[in-house]
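1. Show me how the following folds:
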Amino acid sequence: MGSKFLLSLISIFILGLPLTWGKSATGLTQINSTKVKPQDKSFPHLLSPPILQSLNNSHSVSSTVRKNTLQLAQASDEYDDLSELDQVTSVSQLSDIQPTDWAFQALQSLVERYGCIAGYPDGTYKGNRAMTRYEFAAGLNACLDRMTELIDQSTVDLASREDMASVQRLVEEFAPELATLRGRIDVLEARTAELEANRFNGTTTIFGGEVIFGLTNGFGGEDVVNAFGGRGDGDNNTIFNYLVRLQTATTFTGKDRLRIELGAANFSSTGFAGSQSFNTDMAILSYQTNTDDEFQIFKLEYRFPAFGDRVVFTFRPVNFSLNSVLTANSPYFDAGRGSISRFTDSSPIFKIGRLDSGLGFDWLVTDKVRLQVAYGTRDSENPGNGPTGQGGITDAGHSAVGVQFLTVPFDNVLTGVTYINAYSEDGYLDTFTGSLNADTSGGLGLPANINAVGGTVQWRVWEKITLGAWGGWVFTNYINSDAHATSNTYLFSVGMSDPFGRQGDLFAVLFGKPLKLVDGDNGIEEDEDTSYHIETFYRYKVNDYITITPGVFVVTNPEHNEDNETIVIGVLRTTFRF
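-> As a prediction, this is how the structure comes out:
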């Protein structure tokens with residue numbers, strides 16, 4: 001008898017509630033919807049296993065394969081606070097329930113016979129409002145508690161024939177709706193079974209792309225002098241540039257990734273950094289490159305997991321850099337949707353060597369620690385440039401190995417510590433982020449060993465506010481000379497995601513010091529003054545495919561020379577992703 005009572009009570013409870021689906025943060029959630037998207041976070045998740053996170057590159061074009069668990073938005077409503085629900089003892093206490101309502105008898109039974117229906121403080125039941133899962137659980141729990149109490153007392157007729165008849169009548173009345181729901185559930189179960197059975201069955205290829213249009217203008221910066229004595233022309237006209245990247249991502253096993261990317265762009269020479277303009281690398285934009293409007297191979301990369309998916313190996317023979325493997329740990333490391341300048345997108349030490357091919361691995365040591373190792377070269381096919389003159393991948397004219405530990409000391413903090421050892425046949429760092437004097441290690445043009453150390457941190461101080469910082473020291477020791485050069489750099493940032501309640505928008509302010517040569521001897525001259533970089537931008541999300549980012553950055557004392565005029569560059573960047 002208890003089981004029959006339980007069935008009748010739950011049936012009455014369910015039928016006494018409105019048959020509508022709850023609202024989510026993105027609108028009505030349909031039970032038969034097959035298109036569910038992961039949450040689009042402006043800042044990356046802190047630390048996930050390499051197979052989940054490291055298979056993605058922050059510069060990759062919309063082929064990013066996300067494997068993190070889908071998190072559906074919780075239903076939101078002005079009455080989500082369950083503390084507002086008050087127990088009622090008579091259906092007459094609910095002012096918006098009339099005897100003519102179709103569910104009146106069911107509600108009357110639940111309220112007056114079983115005492116397990118709650119109303120709102122204003123004396124209403126709000127039967128036409130969609131209920132949340134929390135409210136359903138609270139109501140059902142109240143009914144189950146009441147059932148247990150009645151069973152223990154065993155002094156009442158737990159379920160009368162009239163109750164069962166009411167349940168049967170309601171079931172018959174709503175038979176079409178119940179059949180429709182049952183059919184939808186059956187379809188969903190069949191689709192789920194089919195997807196599970198055919199998941200990654202054979203080779204799968206996904207095509208994606210990104211198109212960036214930039215409208216830019218610069219002011220000031222007249223007669224900027226760099227370490228080699230060149231002078232810039234200063235103010236430039238408004239210019240329009242583009243960058244197109246098309247990419248295929250192929251998986252053979254469901255976990256590996258083969259990425260092939262083609263790209264084209266029309267930045268002439270070095271853009272604002274050229275002598276025809278501001279004559280300093282401090283003016284380079286984040287999305288800046290040039291192919292003379294011809295498509296070229298931008299990326300060729302293969303990644304695969306091993307050792308229980310805790311290690312991901314990367315091979316990239318085209319367009320490799322250390323941060324192809326070493327996580328930049330920067331919220332703004334994205335040419336199309338991140339910062340607008342090259343200096344601020346990530347730490348310059350990741351850019352040492354201007355490498356073109358390499359490999360590495362990313363190892364999830366523990367749930368809170370990752371070890372990443374990368375090795376890359378430039379022009380390794382040309383003999384005679386390396387330390388031994390033999391050439392090849394281990395004796396290239398430019399090479400670098402990087403090691404990084406990423407840790408999560410707290411749930412909302414991600415830190416990284418990086419060490420880099422490099423060889424350069426001319427002593428150049430080639431980061432293109434600071435003064436020419438620092439980037440050429442004093443400009444001696446001789447073979448040198450380069451060591452660099454750096455740290456990065458992201459701290460999500462609030463759900464929508466993230467503080468970021470990075471810094472680094474670079475030590476260049478010339479092999480055939482006693483000369484050495486020491487340079488450093490740093491940056492601080494604050495970002496607000498989803499400002500003004502607009503999901504996908506991002507507002508950021510960044511302040512830092514571009515790479516500066518701070519110590520040198522035996523012919524190495526230090527940068528006399530200090531440049532500061534101040535940047536702000538607002539990324540406006542039009543829809544899932546289009547963002548518009550207005551921004552501006554200012555460089556004081558360009559080339560770390562107070563005699564050089566301040567540079568101001570404004571950008572209006574529009575990004576299409578598909």
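2. residue ranges of the strands in the stretch 101-250 of the chain, please?
-> 118-119, 204-220, 239-251 (DSSP state E, counting those that start in this stretch).
3. got any ranges where the stretch 101-250 of the chain has weak pLDDT?
-> By pLDDT under 70, the weakly predicted segments of the stretch 101-250 of the chain are 101-104, 112-123, 125-127, 130-141, 144, 151-160, 197-202, 234-235.
4. Please tabulate the strands of the stretch 101-250 of the chain in a markdown table, including the columns mean neighbour count and distance to Y287.
-> All C-beta spots, glycine's among them, are computed from the backbone N, C-alpha and C. As requested, these are exported to a markdown table (neighbours: other C-beta atoms under 10 Å; distance: least, C-beta to C-beta, whole Å):
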| stretch | mean neighbour count | distance to Y287 |
| --- | --- | --- |
| strand 118-119 | 19 | 56 |
| strand 204-220 | 18 | 5 |
| strand 239-251 | 19 | 5 |
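5. Next, format these as CSV and append distance to F267.
-> As requested, those are exported to CSV (distance: least, C-beta to C-beta, whole Å):
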stretch, distance to F267
strand 118-119, 64
strand 204-220, 9
strand 239-251, 5
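6. And for V369, the neighbour number?
-> 13 (other C-beta atoms under 10 Å).
7. Can you name the residues bridging to it?
-> Counting by DSSP bridges, V369 forms beta bridges with T366, T407.
8. Which pLDDT does the model give it?
-> Reported pLDDT at V369 in the predicted model: 96.
9. ok, it - contacts?
-> Going by C-beta atoms under 8 Å, 6 or more residues apart in numbering, V369 touches F405, L406, T407, V408.
10. same deal with D281?
-> So D281 contacts T270, A273, R342, F432, T433, G434, S435, L436, D439 (C-beta under 8 Å, 6+ apart).
11. if I look at the third one, how far off is H533?
-> R342 is 11 Å from H533, where distance means C-beta to C-beta, to the nearest Å.
12. quick check, nearest of the contacts of V369 to S493?
-> Nearest to S493 among the contacts of V369 is L406, at 18.3 Å by C-beta to C-beta.
13. got a pLDDT number for that closest one?
-> 97.
14. Check L17 too.
-> The score at L17 is 42. That number is its pLDDT.
15. would you list the contacts of D281 in JSON lines and tack on secondary structure?
-> Output for those, formatted as JSON lines (DSSP: H, G, I helix; E, B strand; the rest coil):
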{"residue": "T270", "secondary structure": "coil"}
{"residue": "A273", "secondary structure": "helix"}
{"residue": "R342", "secondary structure": "helix"}
{"residue": "F432", "secondary structure": "coil"}
{"residue": "T433", "secondary structure": "coil"}
{"residue": "G434", "secondary structure": "coil"}
{"residue": "S435", "secondary structure": "coil"}
{"residue": "L436", "secondary structure": "helix"}
{"residue": "D439", "secondary structure": "helix"}
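16. most surrounded residue in these?
-> Among the contacts of D281, G434 has more neighbours than the rest - 28 neighbours, counting by other C-beta under 10 Å.
17. Pull the contacting residues for that one.
-> Applying C-beta under 8 Å, 6+ apart to G434 gives the contacts D281, M282, F343, P348, S487, T489, P514, L515, K516, S531, H560.
18. neighbours around the third one, how many?
-> Counted with other C-beta under 10 Å, the neighbours of F343 add up to 31.
19. Please name the nearest non-neighbouring residue to it.
-> T433 (4.6 Å; C-beta to C-beta, 6 or more residues apart in numbering).
20. Give the full set of residues in contact with that neighbour.
-> Shown in contact with T433 (C-beta under 8 Å, 6+ apart): D281, M282, I284, R342, F343, P348, K351, D439, T489, P514, L515.
21. ok, 7 Å please
-> D281, R342, F343, P348, K351, P514, L515 (C-beta atoms under 7 Å, 6 or more residues apart in numbering).
22. Equivalent analysis for A306, please.
-> F313.
23. Then I420?
-> L322, I349, I352, A400, G402, A452.
24. Looking at the contacts of D281, which gets the smallest pLDDT?
-> Comparing the contacts of D281 by pLDDT, T270 comes last, at 80.
25. tally of neighbours for the closest residue to that one other than its chain neighbours?
-> What sits nearest to T270 in space, not counting adjacent residues and going by C-beta to C-beta, 6+ apart, is I284, at 6.9 Å. For I284, the neighbour count with other C-beta under 10 Å is 22.
26. Surely I284 touches T431?
-> No: between I284 and T431 there is no contact under C-beta atoms under 7 Å: 10.3 Å.
27. Report the buried residues of the helix or strand where W459 lies.
-> W459 is part of strand 448-462 when elements are defined by DSSP states H and E. For strand 448-462, a neighbour-count test (16 or more other C-beta atoms under 10 Å) marks A448, N449, I450, A452, G454, G455, T456, V457, Q458, R460 as buried.
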